[in-house]
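Novice: sharing a model that was predicted from the sequence below.
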Amino acid sequence: MPAISVIMPLFNRADLVGHAIDSVVAQDFGDWELVVVDDGSTDGSADVVAAYDDPRIRLARQPRNMGGNAARNRGIDESRADLLAFLDSDDAYLPMKLGKVVDWFAAHPQFDVLIDSFRKVYPDGRKPDADMLNPVLDDNRAILEALFTRRIWKATPGIMVRRDAALRAGRFDEALKRRQDFDFLLRLAKVGRMACRDDVWWIKRYSNDAISAGLGNFTESLLAFHARHPEYSSDPVFRQGLAYDVARHLARLAGKGKFGKLRSDASTLASTFGWAALPPLVAQGLLRVATRRRDFSGD
């Protein structure tokens, strides 16, 4: 049985998946398995994986395209290790990642979940590469506050978890189209102890077609997330994150001139949170947006 299982969902990334796999093969720690779950690719992605002659790399095929969360859950089911890590097919691990993770969990048996930090790269050169550093925390409430108030850079490849905790948390919610990593972490917090570190152990590749970059289904996804986690609005601290998310989304729609979509989404949000509550929520969020931009600019 390997010390750690890496789970990679794959859909039509034939041009990138080799780089992701190579980053696992290049680890300075060798006791791993990589479970790649092809989610109905049509561009030969599965053939790229199958060409690797390494018994530690296993390919599972979904019967049809079922979404990234279903692919991750299939990977959890297929995995054999007591520790799980995740890697998206367009991202990459730094060489020390898996060894550091295994050593950390061995030294901290009281913890079930670890969140690390990453370097964000922009292949198109639109921004300089930047290290996205998370706060160093080892208290669940503090981590939840940081998650809801957007002080933790959460991404699925930054989550490492003991397999039994992932199963007790219910794995990934296959009905969620966005925020699956956020939702998974919130459920993990209910079943195990979490820690967060500022160590940069992997690389996230910015992509214009990333789910998080889209505006079309944002409001629907936000409300689906809120229905699962009502503390998003009921807890005054967590509500700061809701205000930020709502204000930032509406501001982005306005900035892109999508005023019809802005009116429609504002109406949908008001029907949930109340017409009287929406303006102060947006005002609170705009202040947080301005503060966040100032913090990142260094002014």
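Specialist: All right, it came through fine.
Novice: going forward, measure contacts between C-alpha atoms and count neighbours the same way
Specialist: Fine.
Novice: which residues in this structure form strands?
Specialist: Applying DSSP state E to the chain gives strands spanning 4-10, 32-38, 57-61, 83-86, 92-93, 113-121, 130-132, 159-162, 194-205.
Novice: confidence score at Asn217?
Specialist: In this model, Asn217 is scored at 86, pLDDT.
Novice: what's the neighbour count on it?
Specialist: Using other CA atoms under 10 Å, Asn217 has 13 other residues around it.
Novice: do you know how far it is from Arg178?
Specialist: 9 Å (CA to CA, to the nearest Å).
Novice: and if you look at Thr156?
Specialist: Distance from Thr156 to Arg178, by CA to CA: 12 Å.
Novice: next: Glu33.
Specialist: 27 Å.
Novice: more neighbours, the two?
Specialist: Between Glu33 and Arg178, Glu33 has the larger neighbour count (other CA under 10 Å), namely 24 against 19.
Novice: so what pairs up with that one in the strands?
Specialist: Ser5 (DSSP bridges).
Novice: surely it meets Ile4?
Specialist: Yes. If you go by CA atoms under 8 Å, Glu33 and Ile4 touch, sitting 6.6 Å apart.
Novice: ok, the most centrally placed residue in the chain to Arg187 distance?
Specialist: Central residue of the chain (CA atoms, centre = their mean): Ala155, 2.5 Å from the mean position. Separation of Ala155 from Arg187 (CA to CA): 15 Å.
Novice: got it, and His249?
Specialist: From His249 to Arg187 the distance is 25 Å (CA to CA).
Novice: any weak-confidence spans in this protein?
Specialist: Residue ranges of the chain with pLDDT under 70: 208-215, 293-299.
Novice: mind running it again at 90?
Specialist: 123-128, 177, 206-217, 288-299 (pLDDT under 90).
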